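K.L.:
here's a sequence, model it:
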Amino acid sequence: MSEKTFETNTNLVEKAILISLVTSNDKRKGGDPEHSLQELVQLTETAGVEVLATVTQNKESVDSKWFIGKGKVQEVKAMADELGATTAIFDQELSGAQVRNLEETLDLKIVDRTQLILDIFAGRAKTREGIIQVELAQLSYLLPRLSGHGKNLSRLGGGIGTRGPGESKLETDRRHIRDRISDLKTVLEEVVRHRKLHRERRKKAGVIQVALAGYTNAGKSTLLRELTKADVYVENQLFATLDPTSRSLVLPNGREVVLTDTVGFIQNLPHDLVAAFRATLEEVCEADLVLHVIDSSSVMRDEQINVVNNILGDLGAADKPTVMVYNKKDLVEASGTWMDLPVNGGGNLVISAYEPADLDLLRETIQDRLSGDTLTFNVPAERGDLIALAYRSGEVINQEVDEENMRLTVQVSRQDFEQHGQRLQEYVE
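P.N.:
Below is the predicted model:
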């Protein structure tokens with residue numbers, strides 16, 4: 001019997017069965033496999049794939065050959081034949097050998113969670129930098145798995161799991177891939193260098209940077225649009241924003257800061273993706289203030305907060321001044337339960353991005369957090385240079401003059417004082 005061939009018509013909609021394996025170790029860790037599977041459904045739909053069914057297997061440990069048990073593989077095959085599935089998507093990461101074995105037995109395209117996320121990113125990247133970052137992540141993921149993706153790579157549909165870098169070369173030219181990875185890393189090193197220069201220039205110019213960070217679909221882009229009137233893409237879907245966007249935000253006191261939207265996080269975010277996007281994500285590390293945006297209405301709110309905090313920690317941004325912005329309170333109100341939301345204050349803010357009064361409160365909170373401490377300087381009245389320095393170090397809210405000294409009360413931000421005020425240190429009362 002001749003080997004089955006596969007259509008390459010990009011108009012055909014992929015139809016998938018989603019599969020999750022829950023091991024004893026997963027249960028001991030205390031995660032929520034059902035939520036992860038529901039998130040996989042969202043990811044699959046975001047990739048433009050129709051979900052036909054979901055399958056969960058509870059097993060003591062991973063099967064090294066099949067990932068799931070062989071009996072479950074036969075069950076999935078029968079289901080796929082009955083439903084007309086073209087693809088099987090796994091909620092965990094597969095090895096190349098597992099992909100090969102599953103593909104030969106199921107006669108389906110095999111995609112794991114990592115490959116699915118990379119595929120979505122490949123479709124969303126618009127800037128040259130974003131495209132390079134995604135290609136690097138895809139190649140880094142695929143290189144050690146080439147032996148398991150032979151058939152996958154021949155099914156060139158430009159769709160799920162195959163969108164991106166030179167599929168036709170991947171199986172036959174490993175050296176080409178390694179060379180390409182090396183080239184991409186060189187380009188990204190240049191990107192890192194440029195970003196570092198831009199950050200240094202911003203600091204020298206006294207530009208204040210505020211970064212929006214959070215779980216995917218928490219409402220970061222909506223907040224950027226509503227706060228700054230920016231023309232940015234907003235959609236109720238995962239990873240609607242991939243390339244970072246910065247806009248000017250005017251605070252109530254007239255001060256201007258730069259507000260930057262960053263890519264959303266997700267549990268089990270591929271390591272290769274985090275590594276490739278490190279240059280972009282470092283914008284969070286360099287921010288003067290981080291707004292951690294949270295979907296208040298999510299039943300997995302606390303778990304999502306932990307995912308974001310862990311990734312911020314990995315990036316070295318865990319100790320950044322942060323405001324926890326509990327967004328989508330309108331959806332929480334509509335559901336009739338407040339789900340133990342915190343009260344405003346102490347670094348927490350409960351808002352709706354569509355409520356003008358809440359946006360005003362957020363602007364005031366940003367202003368307060370950036371204002372820093374109130375310091376009083378007692379400087380010699382004839383030292384005009386020090387008096388001018390005090391004015392550059394923050395907002396002067398009071399001044400008194402006697403015969404010899406000028407007493408200035410100044411609201412000082414940490415960044416401004418580091419930049420302008422060190423010479424004033426000995427004059428602090």
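
K.L.:
how many residues are close by the nearest residue to residue 403 once chain neighbours are set aside?
P.N.:
With sequence-adjacent residues excluded and distances taken as CB to CB, 6 or more residues apart in numbering, residue 403 is closest to residue 381, at 7.6 Å. Just so you know, the C-beta spots here come from the backbone N, C-alpha and C atoms, and that holds for glycine as well. Look at residue 381: counted by other CB atoms under 10 Å, it has 14 neighbours.

K.L.:
quick one, what contacts residue 381?
P.N.:
Going by CB atoms under 8 Å, 6 or more residues apart in numbering, residue 381 touches 401-406.

K.L.:
how far away is residue 424 from residue 393?
P.N.:
Per CB to CB, to the nearest Å, residue 424 is found 7 Å from residue 393.

K.L.:
quick one: which of these two has more around it?
P.N.:
residue 393 (25 against 21).

K.L.:
mind checking how far that one is from residue 67?
P.N.:
Taken as CB to CB, the span from residue 393 to residue 67 is 60 Å.

K.L.:
ramachandran coordinates for the residue nearest in space to the middle of the chain?
P.N.:
Nearest to the geometric centre of the chain sits residue 264, at 2.7 Å (CA atoms, centre = their mean). Reported as degrees, to the nearest 10, the phi and psi values for residue 264 are phi -70, psi 150.

K.L.:
excluding covalently adjacent residues, which one is nearest to it?
P.N.:
For residue 264, ignoring the flanking residues on the chain, the nearest one in space by CB to CB, 6+ apart is residue 216 at 3.0 Å.

K.L.:
tell me the secondary structure at residue 111.
P.N.:
Of the three states, residue 111 takes strand under DSSP: H, G, I helix; E, B strand; the rest coil.

K.L.:
local confidence estimate at it?
P.N.:
We have a pLDDT of 92 for residue 111.

K.L.:
so it sits against residue 87, correct?
P.N.:
Yes. Residue 111 is within contact range of residue 87, at 6.1 Å (criterion: CB atoms under 8 Å).

K.L.:
and the protein, what are its domains?
P.N.:
Following the assignment in automatic domain parsing, the chain carries domains at 15-170, 207-370, 372-427.

K.L.:
what part of the chain, helix or strand, is modelled with the least confidence?
P.N.:
helix 150-154 (a mean of 48; mean pLDDT, DSSP states H and E).

K.L.:
and the longest helix seen in the chain, how far out from the chain's middle?
P.N.:
Ranked by residue count and defined by DSSP state H, the top helix of the chain is helix 174-204. In this view, helix 174-204 has its centroid 19 Å away from the chain centroid, taken as CA atoms, centre = their mean, to the nearest Å.

K.L.:
and the next element down the chain from that helix?
P.N.:
Reading on from helix 174-204 to the C-terminus, the next helix or strand found by DSSP states H and E is strand 209-214.

K.L.:
buried residues, that next one. List them.
P.N.:
Buried residues in strand 209-214, counted by 16 or more other CB atoms under 10 Å: 209-214.

K.L.:
closest one to residue 18 out of those, please.
P.N.:
residue 214 (25.2 Å; CB to CB).

K.L.:
give me the pLDDT value at that closest one.
P.N.:
Value listed for residue 214 in the pLDDT field: 92.

K.L.:
ok, residue 202 to residue 391 distance?
P.N.:
For residue 202 relative to residue 391 (CB to CB), the value is 21 Å.

K.L.:
actually residue 174, not the one I wrote
P.N.:
Relative to residue 391, residue 174 is positioned 62 Å away (CB to CB).

K.L.:
for residue 74, what are its contacts?
P.N.:
Contacts of residue 74 by CB under 8 Å, 6+ apart: none found.

K.L.:
quick one: classify it as helix, strand or coil.
P.N.:
helix.

K.L.:
could you do residue 425 as well?
P.N.:
helix.

K.L.:
rewinding a little: rebuild the buried residues of strand 209-214 as a markdown table, extending it with distance to residue 45.
P.N.:
Formatted as a markdown table, the buried residues of strand 209-214 follow (distance: CB to CB, whole Å):
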| residue | distance to residue 45 |
| --- | --- |
| 209 | 34 |
| 210 | 32 |
| 211 | 29 |
| 212 | 24 |
| 213 | 25 |
| 214 | 21 |
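
K.L.:
now, the most widely separated pair of those?
P.N.:
209 and 214 (16.5 Å).

K.L.:
if I look at residue 93, what pLDDT would I see?
P.N.:
So residue 93 comes in at 89 (pLDDT).

K.L.:
actually residue 52, not the one I wrote
P.N.:
Value for residue 52, per-residue pLDDT: 94.

K.L.:
what's the burial count for it?
P.N.:
Around residue 52 there are 17 residues (other CB under 10 Å).

K.L.:
gap between the closest residue to it other than its chain neighbours and residue 54?
P.N.:
Excluding its sequence neighbours, the residue lying closest to residue 52 (CB to CB, 6+ apart) is residue 83, at 4.6 Å. Per CB to CB, residue 83 is found 12 Å from residue 54.

K.L.:
could you tell me which residues touch both of the two?
P.N.:
Joint contacts of residue 83 and residue 54 (CB under 8 Å, 6+ apart) are residue 17.

K.L.:
thinking again about what came up before, how much space separates the residue nearest to residue 52 from residue 333?
P.N.:
The value you get for residue 83 to residue 333, if CB to CB is used, is 39 Å.

K.L.:
using CSV, write down the CA coordinates of stretch 183-190.
P.N.:
Once non-C-alpha atoms are left out, stretch 183-190 reads as follows in CSV (Å, rounded to 0.1, in the frame of the first residue of the first chain):
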residue,chain,number,x,y,z
ASP,A,183,23.4,34.1,12.7
LEU,A,184,20.2,34.9,14.5
LYS,A,185,22.0,35.0,17.9
THR,A,186,24.5,37.5,16.4
VAL,A,187,21.6,39.7,15.2
LEU,A,188,19.9,39.5,18.6
GLU,A,189,23.2,40.4,20.3
GLU,A,190,23.1,43.6,18.2
